[in-house]
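**Student:** structural data only, the sequence is not supplied:
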């Protein structure tokens, strides 16, 4: 009216719309980052981390949080841990490899040299074969303790799938030495050696995927063909 221009209302559709996106990381990544911060002492552990640490230890021994505090010098070690470290001190990687190599090669050498006494065992004198073969197996088993530690070695041997074979294997080795040194009976010594061999094979196959199943299948095929 009166030649006066009417104001133009701004249209929001013509203006650029700016969206503020908040970058979020996956929950698994955030959990890993929180665990790293806790391990470095940059953050206090939350309730979920404490529960997870208790679940990992099954309510026994020292939790993961306590081990972190011990490494940072914030908590003293228990008497059991001090005893464990005094009996099984921490070794460097080079020392572990040297210990593993020496024990394993010595065990293999004793086992191979026992074959030279195989004829004597057949003739009714199994003592030399029993001693070399048994100590060779003992050294071969102890060699893996340098790689994974004796406590983990015992834990692996006491697993549900192999504790029976491990128990028979260890018992057969002890009985073999008793029969060779104390009883001095050729028949009992040979029987213990056979038990030791069978239990050792069954124990080793427990670490090989489908190893026992393949052995059973081979035995079944051999019996069916016979």
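**Tutor:** On my side now, so go ahead. Computed from a predicted model, the values in this text were never measured in an experiment.

**Student:** buried stuff in whichever strand or helix holds residue 220?
**Tutor:** Assigned by DSSP states H and E, residue 220 falls within helix 211-225. Neighbour-count burial for helix 211-225, counted by 16 or more other C-beta atoms under 10 Å, picks out residue 212. Placement of C-beta: from N, CA and C, glycine included.

**Student:** with stretch 100-114 instead?
**Tutor:** By neighbour count on 16+ other C-beta under 10 Å, the buried set for stretch 100-114 is 100, 103, 104, 106, 107, 110, 111, 114.

**Student:** need the residues you listed in a markdown table with distance to residue 163 and pLDDT, can you?
**Tutor:** What follows is the buried residues of stretch 100-114, written out as a markdown table (distance: C-beta to C-beta, whole Å; pLDDT from 0 to 100):
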| residue | distance to residue 163 | pLDDT |
| --- | --- | --- |
| 100 | 23 | 89 |
| 103 | 23 | 92 |
| 104 | 23 | 92 |
| 106 | 27 | 94 |
| 107 | 22 | 92 |
| 110 | 26 | 92 |
| 111 | 24 | 90 |
| 114 | 27 | 89 |
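
**Student:** on that earlier part again, the helix holding residue 220 - contacts with which helices or strands?
**Tutor:** Judged by 3 or more C-beta pairs under 8 Å, 6 or more residues apart in numbering; DSSP states H and E, helix 211-225 is in contact with helix 186-205.

**Student:** pLDDT below threshold where in the chain?
**Tutor:** Counting by pLDDT under 70, the ranges of the chain that qualify are 1-89, 226.

**Student:** could you rerun that using 90?
**Tutor:** 1-97, 99-100, 114-115, 117-128, 142-162, 179-190, 204-213, 215-226 (pLDDT under 90).

**Student:** helices of that one, start to end?
**Tutor:** For the chain, the helices defined by DSSP state H occupy 27-39, 47-57, 64-71, 79-87, 93-113, 118-122, 127-143, 145-148, 150-157, 163-178, 186-205, 211-225.

**Student:** contacts for the helix holding residue 220 next, please.
**Tutor:** Residues from elsewhere that reach helix 211-225, judged by C-beta atoms under 8 Å, 6 or more residues apart in numbering: 201, 202, 204, 205, 206.

**Student:** any idea how far the residue nearest to residue 142 when sequence neighbours are not counted is from residue 166?
**Tutor:** Leaving aside its chain neighbours, residue 142 sits nearest to residue 103 (5.4 Å; criterion: C-beta to C-beta, 6 or more residues apart in numbering). Computed as C-beta to C-beta, to the nearest Å, the residue 103 to residue 166 distance reads 18 Å.

**Student:** what does residue 116 give?
**Tutor:** Residue 116 is 29 Å from residue 166, where distance means C-beta to C-beta.

**Student:** show me which of these two is the more surrounded one.
**Tutor:** Using other C-beta atoms under 10 Å, the more surrounded residue of residue 116 and residue 166 is residue 166, with 20 against 11.

**Student:** isn't the more buried one right next to residue 204, touching?
**Tutor:** No: under the criterion of C-beta atoms under 8 Å, residue 166 makes no contact with residue 204, lying 10.5 Å away.

**Student:** one step back: what's the most buried one of the helices of the chain?
**Tutor:** Most buried of the helices of the chain by mean neighbour count (mean count of other C-beta atoms under 10 Å) is helix 127-143; its value is a mean of 20.
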